[in-house]
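**Student:** Need a 3D model of the sequence below.
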Amino acid sequence: MNTVPQETIGEELLNRPRAILAIVESARKQEDHDAALILLYTLLDILASLSRPNGQLETTSDDFMRWVEEYLLPGNPLTCSAEDLWGFRCGMLHTLSEESSHTRKGKSRIVLHIDGAFEDERGLRFDELMHRAVLEVPGVSRVPPNQIVFVHVGALATSIKRAIARFMMDINLDKALEELVSERVKGGRLTATIEYAQPVD
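**Tutor:** Numbering: from 1, shown residues only. Prediction:
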């Protein structure tokens with residue numbers, strides 16, 4: 001099989017997400033929360049697609065949740081489930097909303113993202129503060145508290161960085177996974193940048 005060299009796989013897996021995460025940080029600083037979330041969940045989609053079964057052209061919800069459960073959630077400060085993240089991903093990327101068919105069917109909780117310091121000047125943690133403020137979020141007051149989970153955007157971004165490192169470790173140890181991912185990396189994009197010549201006077 002014609003695979004991409006291991007160091008190239010590493011460069012592709014690290015450089016592309018690193019660039020996306022840098023834009024996420026820029027969006028956070030500008031308080032462009034929608035842009036930051038769209039990029040983070042798109043990045044999770046991309047990462048999950050790299051290890052989908054050979055011969056499978058489309059990434060499914062099972063692929064997404066399997067990658068999240070294996071690489072993103074273990075050892076990270078996220079209290080959400082893979083189902084929760086998938087439900088939010090569908091709502092955010094399709095309709096720019098926290099809700100999706102997944103949440104409406106009760107398969108996942110509604111994910112509310114928060115950003116900024118983990119504690120305010122009074123020493124209250126963000127989860128306490130957000131539970132107090134939940135009635136002020138449009139539409140959320142009708143949702144039972146046990147159907148809401150809070151995710152800190154910074155914690156999610158950091159968790160994705162750690163997940164990529166775990167993924168790279170598995171690629172280094174698993175020859176079959178290395179070959180699968182190298183095929184995905186090699187055939188990942190069919191776009192090119194075209195520079196137009198200046199018009200001649």
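
**Student:** my read is T59 is in a helix, agree?
**Tutor:** No: under DSSP: H, G, I helix; E, B strand; the rest coil, T59 sits outside any helix and is assigned coil.

**Student:** count of residues packed around L73?
**Tutor:** Counted with other C-beta atoms under 10 Å, residues neighbouring L73 total 17. Heads up, the C-betas are built off the backbone N, CA and C, glycines and all.

**Student:** Dihedrals phi and psi, it?
**Tutor:** Dihedral pair for L73: phi -80, psi -40, per degrees, to the nearest 10.

**Student:** That one contacts A82, doesn't it?
**Tutor:** Yes: here L73 lies in contact with A82, judged by C-beta atoms under 8 Å, at a distance of 6.7 Å.

**Student:** who touches stretch 42-52?
**Tutor:** 13, 16-17, 20-21, 58-60, 63-64, 66-68, 71-72, 85, 89, 93, 160, 163-164, 167, 177, 180-181, 184-185 (C-beta atoms under 8 Å, 6 or more residues apart in numbering).

**Student:** is it true that I160 touches A36?
**Tutor:** No: taking contact to mean C-beta under 8 Å, the distance of 11.9 Å between I160 and A36 leaves them out of contact.

**Student:** what are the ranges of the helices in this protein?
**Tutor:** Using DSSP state H, the helices of the chain run over 6-29, 33-50, 61-67, 82-95, 101-104, 126-133, 153-173, 175-186.

**Student:** Looking at those, which is nearest to V111?
**Tutor:** Taking C-beta to C-beta, helix 82-95 is the member of those nearest to V111, at 4.0 Å.

**Student:** who's in contact with the residue nearest to K161 when sequence neighbours are not counted?
**Tutor:** Nearest-residue entry for K161: L21, 6.8 Å, with adjacent residues in sequence omitted and distances by C-beta to C-beta, 6 or more residues apart in numbering. Remark: with contacts taken as C-beta under 8 Å, 6+ apart, L21 is in contact with 43, 157, 160-161.

**Student:** Not counting residues beside it along the chain, what's closest to P77?
**Tutor:** Nearest in space to P77, with sequence neighbours left out and distances taken as C-beta to C-beta, 6+ apart, is A155 at 5.3 Å.

**Student:** burial count for the one you found?
**Tutor:** When counting by other C-beta under 10 Å, one arrives at 18 neighbours for A155.

**Student:** unless I'm mixing things up, S81 is touching S108, no?
**Tutor:** Yes: in this structure, S81 sits in contact with S108. The criterion is C-beta under 8 Å, and the distance is 7.1 Å.

**Student:** farthest-separated two in the contacts of L21?
**Tutor:** Longest distance between any two of those is 10.3 Å, between L43 and K161; criterion C-beta to C-beta.
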